[in-house]
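Peer 1: sequence first, predicted model second:
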Amino acid sequence: MKFMKLGSKPDSFQTEGDNIRYVATELATDIIFNVGDVKFYLHKFPLLSKSARLQKLVATTNDDNSDEIHIQDMPGGPAAFEICAKFCYGMTVTLNAYNVVATRCAAEYLEMYETVEKGNLIYKIEVFLNTSIFRSWKDSIIVLQTTRSLLPWSEELKVVSHCLDSIATKASIDTSKVEWSYTYNRKKLPSENGNDPQWNGLRKPQLVPNDWWVEDLCELHIDLYKRVITTIKTKGRVSGDIIGEALNAYAFRRLPGFSKGMIQNADVTKYRSLAETIMWLLPAERGSVPCSFLLRLLRASILLECGEAERRELITKIGQQLDEATVADLFIRAPAGEMTVYDVGIVQSLVEEFVTYERNTRNDLPVENEIQEIRNLGSVSDASKMKVAKLVDCYLAEIAQDPNLPHTNFVNLAEIVSSFARPSHDGLYRAIDMYLKEHPGISKSERKRICRLMDCRKLSVEACMHAVQNERLPLRVVVQVLFFEQIRATQSANGNSTPDLPGPIRALIPGGGSHGSSRSTTTNTEEDWDAVPTADDIKALKGELATLRLANGDKNGNDGAKNDAEKVAAGKMKGVLISKMFSKLWSSKDRNGEISSSDTSESPSPGGSTNAEETKSTPSRSTRHSLS
């Protein structure tokens, strides 16, 4: 720390109790100064020779026949006045970063100018500030911190602005030119320790981190910190990610409990202002601040009830880089009084912001861009969307365990990312299964709507094995899983060959009826498909769909070379497909006469002589072609 000594005479100020100061000399004192709650017994001559204001005050006192002067508005209080008085007596005083501003303001109040006497106190302090304090990194920070209690004097005397400029200039300098000590790692520079490293007789460059200054600025009060960061931004030489790192460090230091996602202090007003200031200082550049930090800040803003505008802006920033978040980051507690554990609505807002940002980014791509550049941008976007989709899947699996979570909240959040391509739906299946397990009382229609979120074709083998034995899934979902598993097995054995399937099963498969029939079913049939299957139902389905694989095993071979065993297998497929599992379905349709089809080969005859099983055993044109 820099310091300056003034005067040469011994310090002869004495103390009597807490509120009395006097000068121990043979000459009796002739004036009393009441500064605050302290009485100073002093001599007129040394003080009046250097202070124009005291000259005026003493003149007024003489007119009133009094030897006592009251000063209640002295900047810096009794301590600063004492330093000025000692300087007038020529006694030794030491100025440093902690007392120089108070002394400067007190000297200004006392009007200790050069016009009163050459080499006066104001002149000496200005020299000290400009040649030492403002050139020192740490001293500039200390001085700036002391200016808070000396407003508006420190502001009017330009001390604050000089400190801001000094700090911002040093923070913006190239790190290779940083030659002063810094407290980023709480160590001194090697040159300060006397062990400067040498290599081949040359000075080895000191590696200074780009964010070397962020820890030191955490010592500043929020209002001064705001002004420092704003000044640094104005200079334009510090990148947004370093500013973001500085804000991150400040929040961790100044917001108690910030790292744990909670505010551990009852002074809500104080910390609300701090959080809102940090949000206001956030860099505009996307990605300059870690998404995890933004989400912690969002959590703090909710707890502290920050302004809606600031919170909305923060949600927008998070949404733009939501692909960087983790599931743990999204666990934001629901407000008091809510039935759910976590605030699903705010997570939905974040995902919606991400979707909006991705859509706007895609629309803003210039048509003149080269194809490769557009392709690269598209791949980045696809990767980001895949990350967000997986993030939502994992989040859904966690919140699904909340027994009070409405199925609409679950479905609405999942549907936002339903169009995002991802190679596997295992995560979504896990979330759906968890929700069905924790909410056994939901209706069939609600169960059906939730299961529609999942594409059975994108389940892994392990997920399929679990799904076909899952008694919580509707029957139609189990049929889809079994069918696509058979498709996968057939394709694995015979290339791209896929088994033909009858209309009843094809109607249950997404997109399976695009070239087939369009059916209307009875309410009872729909309820059968939406019901959960029993163990016997699943066993029967496995057997029937295994027949499909057998019948199509050698489909890619020579049609003319099919042997008798293949024909037997094909005939068996036609008969077995209508098993115990489907008998209830078809008998119900036959009784009600409601089987309709755009495929004439699958429609009952006008006379009604063909029963449902006979009709459905007759293959369509495509089936006939593939089996003949």
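Peer 2: Nice, I can see it.

Peer 1: pull the number of nearby residues for Ser259.
Peer 2: The number of residues packed around Ser259, counting by other CB atoms under 10 Å, is 10. Glycine gets a C-beta too; all of them are placed from N, C-alpha and C.

Peer 1: check contacts around it.
Peer 2: 252, 296 (CB atoms under 8 Å, 6 or more residues apart in numbering).

Peer 1: measure it to Ser273 for me?
Peer 2: Note on Ser259: its distance to Ser273, by CB to CB, to the nearest Å, is 20 Å.

Peer 1: just checking, Arg422 touches Lys390?
Peer 2: Yes. Look at Arg422 against Lys390 with CB atoms under 8 Å: they come within range, at 6.4 Å.

Peer 1: where exactly do the helices run in the stretch 1-150 of the chain?
Peer 2: Using DSSP state H, counting those that start in this stretch, the helices of the stretch 1-150 of the chain run over residues 44-48, 52-63, 77-89, 100-109, 121-131, 137-146.

Peer 1: contacts for the shortest one, please.
Peer 2: Right, helix 44-48. 30-31, 54-55, 58, 85, 88-90.

Peer 1: buried among these? Need that as a selection in PyMOL.
Peer 2: The following PyMOL command selects only the buried members of these, with burial defined by 16 or more other CB atoms under 10 Å:
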select buried, resi 31+54+55+58+85+88+89
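
Peer 1: now flag whichever of the contacts of helix 44-48 is closest to Ile263.
Peer 2: Comparing those against Ile263 with CB to CB places Ala85 closest, at 46.3 Å.

Peer 1: was I right about that closest one contacting Val38?
Peer 2: No. At 11.3 Å, Ala85 does not count as touching Val38 under the criterion of CB under 8 Å.

Peer 1: tell me the contacts of Met434?
Peer 2: Taking CB under 8 Å, 6+ apart as the definition of contact, the neighbours of Met434 are 397, 400-401.

Peer 1: ok, which stretches of this protein are strands?
Peer 2: Along the chain, the stretches classed as strands by DSSP state E are 3-6, 13-16, 20-23, 31-35, 38-42, 68-71, 93-96, 198-199, 202-203.

Peer 1: tabulate the ones you listed (a markdown table), appending mean pLDDT and distance to Phe128.
Peer 2: As requested, those are exported to a markdown table (pLDDT from 0 to 100; distance: least, CB to CB, whole Å):
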| stretch | mean pLDDT | distance to Phe128 |
| --- | --- | --- |
| strand 3-6 | 91 | 5 |
| strand 13-16 | 88 | 22 |
| strand 20-23 | 90 | 25 |
| strand 31-35 | 91 | 23 |
| strand 38-42 | 92 | 24 |
| strand 68-71 | 89 | 25 |
| strand 93-96 | 95 | 6 |
| strand 198-199 | 50 | 36 |
| strand 202-203 | 52 | 31 |
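
Peer 1: in JSON lines: the ones you listed, plus distance to Gln348.
Peer 2: What follows is the strands of the chain, written out as JSON lines (distance: least, CB to CB, whole Å):
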{"stretch": "strand 3-6", "distance to Gln348": "59"}
{"stretch": "strand 13-16", "distance to Gln348": "67"}
{"stretch": "strand 20-23", "distance to Gln348": "67"}
{"stretch": "strand 31-35", "distance to Gln348": "62"}
{"stretch": "strand 38-42", "distance to Gln348": "63"}
{"stretch": "strand 68-71", "distance to Gln348": "63"}
{"stretch": "strand 93-96", "distance to Gln348": "56"}
{"stretch": "strand 198-199", "distance to Gln348": "58"}
{"stretch": "strand 202-203", "distance to Gln348": "57"}
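
Peer 1: give me the neighbour count for the residue nearest to Thr361 when sequence neighbours are not counted.
Peer 2: Setting aside the residues directly before and after it, Thr361 is nearest to Ser381 in space (CB to CB, 6 or more residues apart in numbering), at 6.8 Å. Other residues near Ser381 number 17, with proximity taken as other CB under 10 Å.

Peer 1: does Trp296 touch Phe258 like I think?
Peer 2: Careful, residue 296 is Arg and not Trp. Yes. With contact taken as CB under 8 Å, Arg296 and Phe258 are classed as touching, separated by 6.1 Å.

Peer 1: mutual contacts of these two, please.
Peer 2: When contacts are counted by CB under 8 Å, 6+ apart, Arg296 and Phe258 are jointly contacted by Ala251.

Peer 1: who has more neighbours, these two?
Peer 2: With neighbours defined as other CB under 10 Å, Arg296 and Phe258 compare such that Phe258 has more, 23 against 20.

Peer 1: ok, that one to Arg135 distance?
Peer 2: In terms of CB to CB, Phe258 sits 34 Å off from Arg135.

Peer 1: go on, Tyr22?
Peer 2: Going from Tyr22 to Arg135 by CB to CB gives 38 Å.

Peer 1: tell me the spacing between Ile122 and Val93.
Peer 2: Here the distance between Ile122 and Val93 works out to 14 Å (CB to CB).

Peer 1: list the buried ones in stretch 328-346?
Peer 2: By neighbour count on 16+ other CB under 10 Å, the buried set for stretch 328-346 is 329-332, 334, 340-346.

Peer 1: output these as a markdown table; include the columns pLDDT and distance to Gln320.
Peer 2: Supplementary listing: those in a markdown table, determined by pLDDT from 0 to 100; distance: CB to CB, whole Å:
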| residue | pLDDT | distance to Gln320 |
| --- | --- | --- |
| Asp329 | 92 | 15 |
| Leu330 | 94 | 16 |
| Phe331 | 93 | 21 |
| Ile332 | 92 | 18 |
| Ala334 | 90 | 24 |
| Thr340 | 91 | 26 |
| Val341 | 92 | 27 |
| Tyr342 | 93 | 22 |
| Asp343 | 93 | 20 |
| Val344 | 94 | 21 |
| Gly345 | 93 | 19 |
| Ile346 | 94 | 16 |
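
Peer 1: okay then, goodbye and thanks.
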